[in-house]
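Participant: predicted model, plus sequence, below.
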Amino acid sequence: MQIFYFLAVLLGPLVKLLYSFIGNYAGTMVVATIVIKLVLFPLSIHQQKSTAKMAVFQPLMQEIQQKYKNNQQKQQEELLKLQQEHGFNPMAGCLPMLLTMLVLFGFLGVVYYPVHYIFGVSDAAVRQACETLGLATANATTMQTALIQAIHNGAVIDPSIIPADIVEEIRNFNTMFFGMDMCDIPGFNLTPIAIFPLVAAVTMILNYVFTQRLSGAGAQMQGSMKIMMWVMNLMFVSFCFNAPVGFSLYYGVSNIFQIGQSFVTYRIYNPEKFKAQYEAELAAKRAEKKKKKTLTYEEDGQTVTREVTGAEANKLRLELARKRDAELHKDERTTPLQQ
């Protein structure tokens, strides 16, 4: 799982920087969430535009898939031709979703391994410190928060393991929020701290519903894609119950911000408006193709002038190019020499 935490290398220093101004871990996570969401806002707009464009071109893609369902090579050629001709990429809307997921894993890494990613202590030093305090377990994801809590409770760490100045930083690291420790893991227990993963779960559902409706993405998703989105969201909700509660705080605030962002982007970048715009562009391109043009070319030593549509002109140019190529290479040997 740690392979997905690579963005924690960037997010950890961000959390530390913001904490130096805010002085509270929970408040820092809220501000860090908002900063990251604002940074990713342009990608959200791009995703909304891509969704609207797909609403226009998806019927054309389905038409091609049905027409050439028994010829996969021709189907791929026609789909690629459609994409190149109209300048769209069916996968363009996936990048924001992928980046959002990686950021979630990045924050998960920060809350699981705060001593490493926020304070820059190596995992080996953390394990050694935990072993001297009797906190070492096979589950490395609980040791770092346990070490922070132990230092808060007065544990002494050998400076040769973790430098004294860093231990002092950890000792002064304020993880309390309304009397609850953000390093605690709520689990599936009815305790006051369980309010955070519960809020995260509710906001996840609301975020999914509102985002799908306001972005127009719901109509474009096939059944398997919808199931995958639900599975991914439920996976992160499960992390909220099994990770230090700081992750629940991030995830809940992220969902709330996303809901508000969905309403803003809908008012400014209405997907129906984009869909109408792309439909008009598509209609204009089709009309241009049907418009007659005068084409003059050489054929069998004669100058020929014809009135053709754009599509006919492209087809004719391709045929002439093939004839010229065949004429140019007609005397070349096409079979291997006999041994």
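Facilitator: Done, it's in. Numbers count the residues shown, from 1 in each chain.
Participant: quick one: the strands in the stretch 51-200 of the chain?
Facilitator: 176-177, 180-181 (DSSP state E, counting those that start in this stretch).
Participant: need these in TSV (columns: mean pLDDT and mean neighbour count).
Facilitator: For glycine as for every other residue, the C-beta is placed from the backbone atoms N, C-alpha and C. Putting the strands of the stretch 51-200 of the chain into TSV (pLDDT from 0 to 100; neighbours: other CB atoms under 10 Å) gives the following:
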stretch	mean pLDDT	mean neighbour count
strand 176-177	93	16
strand 180-181	92	18
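Participant: export those strands to TSV and tack on distance to I64?
Facilitator: Supplementary listing: the strands of the stretch 51-200 of the chain in TSV, determined by distance: least, CB to CB, whole Å:
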stretch	distance to I64
strand 176-177	54
strand 180-181	56
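Participant: what's the closest of these to K16?
Facilitator: Between K16 and those, the tightest spacing by CB to CB is seen for strand 176-177, at 17.7 Å.
Participant: okay, and the helix or strand of the chain with the least pLDDT?
Facilitator: Of the helices and strands making up the chain, the lowest-confidence element is strand 293-299, at a mean of 67, by mean pLDDT, DSSP states H and E.
Participant: how near is V39 to Q128?
Facilitator: Taking CB to CB, to the nearest Å as the measure, V39 falls 36 Å from Q128.
Participant: tell me how far the residue lying closest to L60 once chain neighbours are set aside lies from N207.
Facilitator: The shortest distance from L60 to any residue other than its chain neighbours is 6.1 Å, reached at L82 (CB to CB, 6 or more residues apart in numbering). Here L82 is placed at a distance of 33 Å from N207 (CB to CB).
Participant: repeat for A284
Facilitator: A284 is 37 Å from N207, where distance means CB to CB.
Participant: for the two, indicate the residue with more neighbours.
Facilitator: More neighbours surround N207 than the other of A284 and N207, with 22 against 10 (other CB atoms under 10 Å).
Participant: helices of the stretch 1-150 of the chain, start to end?
Facilitator: Residue ranges of the helices in the stretch 1-150 of the chain, as given by DSSP state H, counting those that start in this stretch, are 8-22, 25-67, 72-86, 94-112, 114-117, 123-133, 140-152.
Participant: other SSEs contacting the longest one?
Facilitator: Judged by 3 or more CB pairs under 8 Å, 6 or more residues apart in numbering; DSSP states H and E, the packing partners of helix 25-67 are helix 8-22, helix 72-86, helix 94-112, strand 176-177, helix 195-215, helix 245-268, helix 271-290.
Participant: apply 7 Å and report the result again.
Facilitator: Contact analysis of helix 25-67 by 3 or more CB pairs under 7 Å, 6 or more residues apart in numbering; DSSP states H and E lists helix 8-22, helix 72-86, helix 94-112, helix 245-268, helix 271-290 as its packing neighbours.
Participant: dump the ones you listed to TSV, plus distance to L328 and mean pLDDT.
Facilitator: Supplementary listing: the helices and strands packed on helix 25-67 in TSV, determined by distance: least, CB to CB, whole Å; pLDDT from 0 to 100:
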stretch	distance to L328	mean pLDDT
helix 8-22	56	95
helix 72-86	25	80
helix 94-112	44	87
helix 245-268	55	89
helix 271-290	30	72
